[in-house]
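Visitor: predicted model, plus sequence, below.
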Amino acid sequence: MITNFFIPELNNYDVQELWFQQDGATCHTARATIILLKETFGDRLISRFGPVNWPPRSCDLTPLDYFLWGYVKSLVYADKPQTLDHLEDNIRRVIADIRPQMLEKVIENWRSRLDYIRASRGSPMPDIIFKM
């Protein structure tokens, strides 16, 4: 997927301005994958074994982890899709229905999380912070 889709799609962008972030899942950090991503993003790779290490147990830091995946999954599976086409249609519909106002609130929440982490000098977040 990275070789056949992702990297060719990047040709439409100024990669020098982009950072790539991935979690530390073993399947995402195969040696060949990391080499390819380092060649593409250089020191702008946030990943386990990348130039900028992915913070351990940091699911509370990124909106994709603490909000989007759970939100999308809850709606995508609400009607229990039985076929791949049905599942893909649900994913497209749910993503298309996300409104800018919701994303603005998610980013505000993310900033609050970052402010908390800065103030606590990186200590763990004792409670989940949600402001929706």
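Guide: Sure thing, it's come through.
Visitor: helices and strands around the helix or strand containing Ile107, which ones?
Guide: Applying DSSP states H and E as the criterion places Ile107 in helix 100-119. The helices and strands touching helix 100-119, judged by 3 or more CB pairs under 8 Å, 6 or more residues apart in numbering; DSSP states H and E, are helix 63. In this view, the C-beta of every residue, glycine as well, is placed from N, C-alpha and C.
Visitor: contacts for the helix it packs on, please.
Guide: With CB atoms under 8 Å, 6 or more residues apart in numbering as the test, helix 63 has contacts from Val106, Ile107, Asn109, Trp110.
Visitor: can you pull out the low-pLDDT segments for the protein?
Guide: Across the chain, the ranges flagged by pLDDT under 70 are 23-24, 55-61, 121-132.
Visitor: relative to Asn90, how far out is the most far-flung residue of the chain relative to its centre?
Guide: When distances to the mean C-alpha position of the chain are computed (CA atoms, centre = their mean), the maximum falls on Gln82, with 26.5 Å. According to CB to CB, to the nearest Å, Gln82 stands 11 Å off from Asn90.
Visitor: I'd say Thr40 and Val15 touch.
Guide: Yes. Contact criterion CB atoms under 8 Å: Thr40 and Val15 qualify, at 6.5 Å.
Visitor: how close does the residue most central in space within the chain get to Trp110?
Guide: In the chain, the residue lying closest to the centroid (CA atoms, centre = their mean) is Leu64, at 4.1 Å. Distance of Leu64 to Trp110, computed by CB to CB: 10 Å.
Visitor: and if you look at Leu36?
Guide: Per CB to CB, Leu36 is found 28 Å from Trp110.
Visitor: and if you look at Arg44?
Guide: For Arg44, the distance to Trp110 - CB to CB - is 19 Å.
Visitor: and the helices in this structure?
Guide: Assigned by DSSP state H, the helices in the chain fall at 7-10, 31-41, 63, 69-76, 84-96, 100-119.
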